[in-house]
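Student: Predicted coordinates and the sequence they were generated for:
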Amino acid sequence: MFPALRSTSSRLGLRLVRWNSTDSPILPPLMTKLRTDLKTAMRAKDTPRLNVVRALISETNNAAKTSSPIQTDIQLLSLIRKRIAASKDAIEEFKVENRPELQELEEKQVAVLEEYGAQVETMSADDIKQVVSQTLSSMKEAGKKVEIGLVLKSLFAAGGALADKPADKSETARIVKDAVTALKTN
């Protein structure tokens, strides 16, 4: 029905080309740890850790198919914090519904998530405050408008003071908000 590819390619001098790359994308260090911990948790039959690690790997793989894949530990930390918040909400609901077994399961998962979240090194709040104050003073000297969104944009834009640094964006946004409101009240 179809001619064999091997015989036609050798006559035509064509080579078979592999269309997908064998290069794997560079993974954040925490992601590689998650993958090794997956195997360890499977061998140890550690169900809460296994569920957490599988969920994090799955969400990271799903994010890789979107326009904003998870490429850094900071982005992975953000995902972990979202999962912690969701689990804490579930714990509260289980308390209301009087489901202690489900509450205990969620608490174990929160403990595992917090353990992984603590492994990501971020800039301290004092370092972020120092960078924010320097950025605010330079924006004022240049005569630019000082607004929260503009300050955050200048901090995290390419070439910005926090562009490739391990700064938590939510923490930075809170610090910028406090600094801008303090600046406007003075």
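Tutor: Structure received. Numbers count the residues shown, from 1 in each chain.

Student: quick one, domains of the chain?
Tutor: 29-119, 125-159+167-185 (the TED database).

Student: Which of those domains has the lowest mean pLDDT?
Tutor: Out of these, domain 125-159+167-185 stands lowest, with a mean of 86 (criterion: mean pLDDT).

Student: then stretch 104-111 to CSV, C-alphas only?
Tutor: Taking C-alpha atoms only, stretch 104-111 is exported to CSV below (Å, rounded to 0.1, in the frame of the first residue of the first chain):
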residue,chain,number,x,y,z
GLU,A,104,-5.4,15.5,58.6
LEU,A,105,-4.6,14.5,55.0
GLU,A,106,-4.6,18.1,53.8
GLU,A,107,-2.4,19.1,56.8
LYS,A,108,0.2,16.5,55.9
GLN,A,109,0.2,17.9,52.3
VAL,A,110,0.6,21.4,53.6
ALA,A,111,3.6,20.3,55.6
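
Student: buried stuff in that stretch?
Tutor: By neighbour count with 16 or more other CB atoms under 10 Å, stretch 104-111 contains the buried residues 105-106, 108-110. For the C-beta atoms, the positions are set from N, CA and C on the backbone; glycine is no exception.

Student: And those, which is closest to residue 91?
Tutor: Nearest to residue 91 out of these is residue 106 (CB to CB; 4.8 Å).

Student: mind listing the strands for the chain?
Tutor: Assigned by DSSP state E, the chain shows no strands.

Student: Select the longest helix from it.
Tutor: helix 73-96 (DSSP state H).

Student: For it, C-alpha coordinates in PDB please.
Tutor: Output of helix 73-96 as PDB, limited to C-alpha atoms (Å, rounded to 0.1, in the frame of the first residue of the first chain):
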ATOM      1  CA  ASP A  73      12.400  28.400  41.200                       C
ATOM      2  CA  ILE A  74      10.600  31.600  42.000                       C
ATOM      3  CA  GLN A  75       7.800  30.700  39.600                       C
ATOM      4  CA  LEU A  76       7.700  27.200  41.200                       C
ATOM      5  CA  LEU A  77       7.500  28.800  44.600                       C
ATOM      6  CA  SER A  78       4.500  30.900  43.500                       C
ATOM      7  CA  LEU A  79       2.800  27.600  42.400                       C
ATOM      8  CA  ILE A  80       3.600  26.000  45.800                       C
ATOM      9  CA  ARG A  81       2.200  29.000  47.600                       C
ATOM     10  CA  LYS A  82      -1.000  28.800  45.600                       C
ATOM     11  CA  ARG A  83      -1.300  25.100  46.500                       C
ATOM     12  CA  ILE A  84      -0.700  25.900  50.200                       C
ATOM     13  CA  ALA A  85      -3.500  28.500  50.200                       C
ATOM     14  CA  ALA A  86      -5.900  26.100  48.400                       C
ATOM     15  CA  SER A  87      -5.100  23.400  50.900                       C
ATOM     16  CA  LYS A  88      -5.500  25.700  53.900                       C
ATOM     17  CA  ASP A  89      -8.900  26.700  52.500                       C
ATOM     18  CA  ALA A  90      -9.800  23.000  52.200                       C
ATOM     19  CA  ILE A  91      -8.700  22.400  55.800                       C
ATOM     20  CA  GLU A  92     -11.100  25.100  57.000                       C
ATOM     21  CA  GLU A  93     -13.900  23.500  55.000                       C
ATOM     22  CA  PHE A  94     -13.200  20.100  56.400                       C
ATOM     23  CA  LYS A  95     -13.300  21.600  59.900                       C
ATOM     24  CA  VAL A  96     -16.700  23.000  59.200                       C
END
